[in-house]
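**Q** what's the 3D shape of this:
(one chain, ligands or ions: 1)
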Amino acid sequence: MAKTKRGRILWSMPSRGRGTCPVCSTTRIKLLYIANKSDGTALKVCKRCQNADQSRVDAAIV
Ligand SMILES: [Zn+2]
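**A** As a prediction, the model looks like this:
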């Protein structure tokens with residue numbers, strides 16, 4: 001499987017894979033992980049938030 005979280009692949013992504021994490025509000029961090037809200041919305045979150053509590057994900061402002 002191709003590496004999707006490091007290297008040149010990031011340059012093909014919107015904003016080069018970076019943005020503001022909706023869960024922890026860290027800016028310009030790499031958003032490479034998907035977290036699903038309780039209502040089914042998929043959020044892109046940072047590495048630090050990949051294992052965040054569901055309550056924190058649900059509280060995120062998209
Ligand atoms: Zn985060």
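**Q** the ion contacts on the chain?
**A** By the rule C-beta under 5 Å from the ion, the part of the chain lying against the ion is 21, 23, 24, 46, 48, 49. The C-beta positions use only the backbone N, C-alpha and C, and glycine is treated the same way.
**Q** any idea how far the last one is from residue 36?
**A** When C-beta to C-beta, to the nearest Å is the yardstick, residue 49 and residue 36 sit 12 Å from each other.
**Q** and the third one, by the same measure?
**A** Residue 24 sits 17 Å away from residue 36, going by C-beta to C-beta.
**Q** and if you look at the fifth one?
**A** Distance from residue 48 to residue 36, counting by C-beta to C-beta: 17 Å.
**Q** residue 23 is in what secondary structure piece?
**A** Under DSSP states H and E, no helix or strand contains residue 23.
**Q** just the pLDDT at it, thanks.
**A** Note for residue 23: predicted pLDDT of 97.
**Q** which residues touch the nearest residue to it once chain neighbours are set aside?
**A** The shortest distance from residue 23 to any non-neighbouring residue, by C-beta to C-beta, 6 or more residues apart in numbering, is to residue 49 (4.1 Å). Taking C-beta atoms under 8 Å, 6 or more residues apart in numbering, we find residue 49 in contact with 21, 23, 24, 33, 35, 56, 57.
**Q** buried by neighbour count, from the residues of the chain next to the ion: which ones?
**A** Listed as buried from the residues of the chain next to the ion are 21, 23, 46, 49; burial here means 16 or more other C-beta atoms under 10 Å.
**Q** helix/strand/coil for the most centrally placed residue in the chain?
**A** Most central in the chain under C-alpha atoms, centre = their mean is residue 45, positioned 1.9 Å from the mean C-alpha point. Judged by DSSP: H, G, I helix; E, B strand; the rest coil, the three-state class of residue 45 is strand.
**Q** much appreciated, bye for now.
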